[in-house]
Each structure stands twice: as C-alpha cells, then as structure tokens.
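Peer 1: fold the following, please.
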Amino acid sequence: MIVKKGWLLTICGILCFMAGIRPAEAFSIDAKAAVLMEPVSGKVLYAQNEHERLPPASVTKVMSMLLIMEAVDSGRIGWEEKIITSTMAAGMGGSQIYLKEGEEMTLRDMFKAIAVVSANDASTAVAEHLYGSDVDFVDAMNARAKKLKLKNTHFANETGLPDPDHYSSAYDLAVISRELLKYPEVLKFTSIWMDSLRDGKFILRNTNELIRVYQGADGLKTGHTSEAKYCLAATAKRGDFRLLSVILGAESDAARVAQTKRLLDYGFRNFQWKPVFESKKVIGRVYIKGAKQEQVPVRLRSDFGVVVERDKESEVTTEITPVKNIKLPIKSGTRIGTVSALVDGKIIGQAPVYAAEDVEKANFLVRGWRWILDFFKKLFGKK
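Peer 2: Numbers count the residues shown, from 1 in each chain. Below you'll find the predicted structure:
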C-alpha cells in the first residue's frame, strides 16, 4: 500500500502528539521575536528572529531598573532616599502613578511603581535624581548597553515610549535581563501582584499577568505600544533551575502570556540544571610556577552548574585553566583561573575560580632546587 507523504506526516504528527513529543523543528513562537535563555550561563536554549531590531516598549525598563539596582548596590543611593518629582516627570504620559510636581516619594516606592505598573513618571523622576537629567540617564543606558556588547540596541528614552531611534532585540533584552537578575532583590518587586502607594490610597496591580498564572514566575517586565505590540521579558524558577524568556511583538496581552508560557514550558520540559560544584568548597588546584606551594587550592564565589538536555545521559567533566602571567604574591580571593564544564569534549559552561588562600613567592633556594629537578626530569625523560 502506498501512503502519500502528506498523510504520512499527519500520522507521524498524531503519534508524536500521543507520545507527548514535539519535534524541535515544529516548535515556534507566535510573535515577531523570541529568546529563551538560562541566565547563569547565558546559554540560549531557543531563538527566533532574536537579533531583529524592534521597538521594545516598556521592556526598556529592564535597563532602567539595572542602572538603579547598580546605583543601590554601589551605595550611590539608598532605598529610603526621597526623590522629588520634577515638572517634566509629572508631565509624562502613558503608564503612570500620576505624580504631581514637587511630590516626594522614596526610591523604594518609585522603583515599586516602575516594576509593578511600569510607571513612566516614576522612571523619569528616578532618572533625573540619579543623573541630573533624563538625557544623561539615557546616555548611561546606552553606555551600559555598549559595555554589554549589545549590537542591536539604542535607547532614546528611559521609558520605552515610541521613538524612531529607540530599538532593541529579543537577544539584547535577554542579556540586559540576565544582568538585572544578578541582583535578586529586584524579584521582590517584580513578583508583587497587588500593592499600594500613598498610604493605601493608590492601588498597584502588576501588568505582568504571568506571575499569577505560571508556576515559579516572579518577573520581569511587560511592554506595550501600538507600534511594538505586546512584549514581555519573563523569568521563572522551578527547584534550582531558572529560565529567562523574551517575547516581542505578540498580538495581545493574552497572547504574550500564552506564548511565554509555551516558551518556558519548552525549556523546563527539554532541559535541566545539573549542579557541578558548590561555592564554599575547594574544587581543585591550580599550578602556579614560582609559588611557595605550587599547587594552589581554588574555589568559586557561587555555585556552578550547567544546562543539559533532559532525559539524556550527559557525563560532565571539568578542567581548570590558570590565568596567564600570574604575578606573585597572591592574596586569597584573587582570580587565578577558569573552570570549564565539558560534555563530549565541548565546553558547555565556564566560571572564574579564586585562590582559597594567600600564595607566597618561593625563595631563591626553593626555585633553584626545582630548576635542578626539572632539568634532570627532562634529561632522563629524553632517554
């Protein structure tokens, strides 16, 4: 019996559906662009038009929030510092909390408004407070994008309001979001569903519906304009495995949530986090020529793991490579190498390693004796 190709594909599709299998080439996202990333390693697990320059709408604010978090982390500003609303900030359109000129609010409340309801007026007020003007803040945004080596991003404002010279890509926004996630405190704000300002008189409801309907979702930022359509940078964590996704150009709010759920489901279904080393333990030793103790113990500053395909036997091996031209002496905590995780000889993850103790330079006699030993080893080795 001859079966036509079309019917054969249909039958295969039905069998795959019944078995719970989705062929990789059949998976796609109904949006202009999409990226799925594991944020610790930065590994891209799925991409669709990821480098296309598109209007990001208020997903722009992942960069605004990053600059604010970095300012807090560096001590330039504190969460309880009062910010005074300027005329310009009070006049911002779009999403807002209706700040009045001269109104004061703490950075904590301003940031909450930015993270939860995407407040343009709060974004501008904080930008002016941190950099003196919104223009200088936007310059800082572009400088940060350049430092992250983003090739398809340029900001014209801090809010995401439409501008021909304001664009980014799904991949670039994922990179910015990944950087933002290095400050876990941001998730305390982006995971808020309902809250209030002005002593309970102004209610905040998160624009990100995903945090209410998807297991493990705790961020990150929505965006919408008629030009950009519906956008969402999202993150969710299940167990010790966190995923980060970006959707640009979905047709509706419901669509961006549904497509983000599909993208995250794809990641959690097909991949898993495999721990390799714990941060507080010595993970190996690095050979440093000329050191008093040539084999120097090293450790990581955070837990190290890799993403592997689920339900696939993946033997992970590791190797530690020293930094070139290390100068002695070395203080404990100095970076002296890189640990690489490999599967089938291919590097799938890397992290810096640091000296677990102070390292002194060997004296002249020790170095001379080592030279003699090396000389004879080479001499007899040749025979």
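
Peer 1: could I get the full set of helices for this structure?
Peer 2: Per DSSP state H, the chain carries helices over the ranges 5-19, 61-74, 87-90, 107-117, 120-131, 134-147, 170-180, 186-190, 210-213, 253-270, 364-382.

Peer 1: domain ranges for the protein, per the record?
Peer 2: Per automatic domain parsing, the structural domains of the chain span 31-272, 278-365.

Peer 1: ok, of the ones you listed, where does mean pLDDT dip lowest?
Peer 2: Sorting the domains of the chain by mean pLDDT places domain 278-365 lowest, at a mean of 89.

Peer 1: how far is that one from where the chain is centred?
Peer 2: 23 Å (Cα atoms, centre = their mean, to the nearest Å).

Peer 1: how close does Gly132 get to Leu99?
Peer 2: To Leu99, Gly132 is 18 Å away according to Cβ to Cβ, to the nearest Å. Every C-beta, even on glycine, is put in place using the N, C-alpha and C of the backbone.

Peer 1: more neighbours: those two, which one.
Peer 2: Taking other Cβ atoms under 10 Å, Gly132 and Leu99 do not tie; Leu99 has more neighbours (26 against 10).

Peer 1: roughly how far does that one sit from Arg108?
Peer 2: 15 Å.

Peer 1: for Glu313, same thing?
Peer 2: Separation of Glu313 from Arg108 (Cβ to Cβ): 48 Å.

Peer 1: give me the more crowded residue out of these two.
Peer 2: Arg108 (14 against 6).

Peer 1: quick revisit: relative to Ser226, which of the helices of the chain is closest?
Peer 2: Ranking the helices of the chain by their distance to Ser226 (criterion: Cβ to Cβ) puts helix 253-270 first, at 13.5 Å.

Peer 1: Arg212 is in contact with Trp193, isn't it?
Peer 2: Yes - using Cβ atoms under 8 Å, Arg212 is in contact with Trp193, at 5.7 Å.

Peer 1: how many neighbouring residues does Ser252 have?
Peer 2: Counted with other Cβ under 10 Å, Ser252 comes out at 11.

Peer 1: what's stretch 137-151 in contact with?
Peer 2: 51, 63-64, 66-67, 127-128, 130-131, 153-158, 168, 172, 175-176, 179 (Cβ atoms under 8 Å, 6 or more residues apart in numbering).

Peer 1: do stretch 252-265 as well
Peer 2: 29-31, 34, 36, 46, 209-210, 213-214, 217, 222, 224, 230-232, 234, 236, 243, 245, 247, 250.

Peer 1: and Val282, how many residues sit next to it?
Peer 2: Burial measure for Val282: 13 neighbouring residues, criterion other Cβ under 10 Å.

Peer 1: before we move on, what about the one 4 residues further on?
Peer 2: Each residue near Val286 was counted by other Cβ under 10 Å, and the total is 22.

Peer 1: quick one: the strands in the stretch 151-300 of the chain?
Peer 2: 194-197, 202-205, 217-225, 229-238, 241-250, 271-277, 284-287, 295-299 (DSSP state E, counting those that start in this stretch).

Peer 1: out of those strands, deepest packed?
Peer 2: Comparing those by mean neighbour count (mean count of other Cβ atoms under 10 Å), strand 241-250 ranks first with a mean of 27.

Peer 1: just to revisit the earlier point, quick one: closest of the domains of the chain to Phe380.
Peer 2: The nearest among the domains of the chain, by Cβ to Cβ, is domain 278-365 at 20.6 Å.
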